[in-house]
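Participant: Have a look; sequence and predicted model below, questions after that.
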Amino acid sequence: MIKIGLTGSIGMGKSAVSSMFRKLGVPIFDADAEVHKLQGPGGALVEKIEARFPGTTGPRGVDRQKLGAAVLGKHDELRALEHIVHPAVYHVRQRFLMKHRSRPLVVLDIPLLFEKGGANQVDVTVVVSAPAFLQRRRVLRRPGMTAAKLKHIRHLQVPDHVKRLKADFVIETGTSMLQTRAEVRRLVACLRTRKRR
């Protein structure tokens with residue numbers, strides 16, 4: 001099995017590229033989606049998060065706005081949250097890998113792949129990238145997003161130009177969807193060929 005680590009800064013089009021991999025029959029582990037499940041109604045982490053961050057959960061699970069306010073800009077609080085979330089996500093990922101162990105390729109869609117050392121746990125790194133002006137336009141269209149929030153998120157992420165240098169492959173999303181889809185298809189074909197050798 002070749003484990004593909006898929007990443008990209010906010011607003012770069014990673015979700016769209018992940019969907020393209022899925023349509024080509026490559027199983028996807030979506031770290032963000034798993035966190036949402038773990039923190040959603042009846043999620044495995046809701047009680048632990050409430051115990052450490054009182055008042056941040058409710059009937060719908062974790063209130064992401066309240067939790068965000070509790071950790072934003074507070075290094076120790078963010079670390080405490082990561083100590084709760086990361087081990088749980090790791091266990092879910094291991095189950096995913098076991099389930100798909102006979103597949104030639106899998107994608108691990110991990111937003112902070114380089115930031116949290118996840119690149120060491122994959123065979124190939126793929127960065128999704130677009131020009132900064134396009135990233136900004138996409139992100140500021142999101143509900144509740146502001147220029148200040150975007151600036152803070154960018155500060156927490158490895159800059160795009162550094163990710164591009166670290167990546168084994170870069171998928172451009174500043175072009176047409178057709179071109180991006182063709183890039184993903186070529187990459188999957190290339191890796192499947194490499195696997196057969």
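Facilitator: Right, received. Where do you want to start?
Participant: show me what contacts residue 5?
Facilitator: 108, 110, 113, 118-119, 121-122, 124-126 (Cβ atoms under 8 Å, 6 or more residues apart in numbering). For every residue, glycine as well, the C-beta is placed using N, CA and C.
Participant: now the residues you listed as a markdown table including distance to residue 83?
Facilitator: Shown next, in a markdown table, are the contacts of residue 5 (distance: Cβ to Cβ, whole Å):
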| residue | distance to residue 83 |
| --- | --- |
| 108 | 21 |
| 110 | 18 |
| 113 | 19 |
| 118 | 16 |
| 119 | 21 |
| 121 | 18 |
| 122 | 22 |
| 124 | 29 |
| 125 | 25 |
| 126 | 28 |
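Participant: Now the buried members of those.
Facilitator: Buried members of the contacts of residue 5, counted by 16 or more other Cβ atoms under 10 Å: 108, 110, 113, 118-119, 122, 124-126.
Participant: Sort out for me which of the contacts of residue 5 are in helices.
Facilitator: Residues of the contacts of residue 5 located in helices (DSSP state H): none.
Participant: Export those to JSON lines and append columns for pLDDT.
Facilitator: Formatted as JSON lines, those follow (pLDDT from 0 to 100):
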{"residue": "108", "pLDDT": "94"}
{"residue": "110", "pLDDT": "87"}
{"residue": "113", "pLDDT": "88"}
{"residue": "118", "pLDDT": "82"}
{"residue": "119", "pLDDT": "86"}
{"residue": "121", "pLDDT": "88"}
{"residue": "122", "pLDDT": "93"}
{"residue": "124", "pLDDT": "95"}
{"residue": "125", "pLDDT": "95"}
{"residue": "126", "pLDDT": "96"}
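Participant: Tell me where the longest helix sits in this protein.
Facilitator: Criterion DSSP H: the longest helix present in the chain is helix 75-99.
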